[in-house]
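Enquirer: Just need the structure, nothing else, for what follows:
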Amino acid sequence: MSTTIQHQHSSILHAVWVRLAHWLNALAVVLMLMSGWRIYNASPVFKGFIIPNSVTLGGWLGGALQWHFAAMWLLFFNGLFYLGMNIATGRIKTKFFPLSPLAVLHDLGKALKGHLSHADPSKYNAVQKIAYLFVMLDITVLILSGLAIWKSVQFPILRDLFGGYDFARVVHFSAMSLIAAFIVVHLVMVTLVPRSLLTMIRGR
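Expert: The predicted structure follows:
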């Protein structure tokens with residue numbers, strides 16, 4: 001009996017807290033993107049570049065801001081929980097490291113040729129490691145640049161670190177664009193390796 005229980009535990013690839021945090025982060029990011037695009041359209045960072053309203057959320061500027069702030073707090077607190085649990089459980093060390101530029105280039109080359117193995121879903125390859133670490137960093141930049149825009153007067157040092165209010169908007173938009181690009185690539189990879197989606201739903 002104990003052997004069976006031990007085997008069941010060892011077959012768990014993603015703990016419940018990992019899966020919960022993943023889906024809450026995904027929800028928050030999607031809501032922030034769609035509402036953020038509506039906010040962007042009200043005052044475009046790049047003149048002449050408008051995002052179709054059909055993919056935005058909020059209906060109008062005030063509504064979009066309400067969605068954006070609600071999603072922001074969800075992303076902030078859930079992100080803190082995710083990062084804290086990764087550090088506390090040692091997952092960030094075992095899942096994302098070791099990592100080297102050479103390993104990333106090697107696995108990227110294999111991925112581009114379609115030869116990158118996904119036989120062991122319990123381990124991330126170097127491309128996955130750098131991608132997930134990058135997303136964590138990008139979300140941090142997204143939140144901080146958003147605060148510099150939202151509370152520009154209250155956080156003058158943060159605003160200045162981003163090069164002023166106008167440049168903080170450029171940074172925020174760029175970080176948002178990188179997140180959107182990651183989502184597209186992530187969805188493509190899930191389509192190619194559907195088992196990765198199942199493990200994030202049922203844990204194994």
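
Enquirer: Quick check: which ranges of this protein have low pLDDT?
Expert: Confidence mapping of the chain against pLDDT under 70 gives the ranges 1-10, 119.

Enquirer: same thing but at 90, please
Expert: Applying pLDDT under 90 to the chain flags the ranges 1-14, 45-48, 59, 98, 107-125, 127-128, 185-204.

Enquirer: quick one: the strands in it?
Expert: With DSSP state E as the definition, the chain shows no strands.

Enquirer: can you give me the helices in it?
Expert: 2-10, 16-42, 61-89, 91-96, 101-112, 126-150, 156-161, 165-192, 195-202 (DSSP state H).

Enquirer: Nearest to Ser54, out of those helices?
Expert: Minimum separation from Ser54 across these (CB to CB) falls at helix 16-42, 10.3 Å. (Glycine included, C-beta is placed from N, CA and C.)

Enquirer: any idea how far the closest residue to Ile12 other than its chain neighbours is from Trp17?
Expert: Among residues not flanking Ile12 along the chain, Gly203 sits closest, at 5.1 Å (CB to CB, 6 or more residues apart in numbering). Distance of Gly203 to Trp17, computed by CB to CB, to the nearest Å: 11 Å.

Enquirer: swap in Ala103?
Expert: For Ala103, the distance to Trp17 (CB to CB) stands at 28 Å.

Enquirer: just Gly114 next, same as before
Expert: Taking CB to CB, one finds Gly114 at 34 Å from Trp17.

Enquirer: and those two? which has more neighbours close in?
Expert: Between Gly114 and Trp17, Trp17 has the larger neighbour count (other CB atoms under 10 Å), namely 14 against 7.

Enquirer: That's all I had, so thanks and see you.
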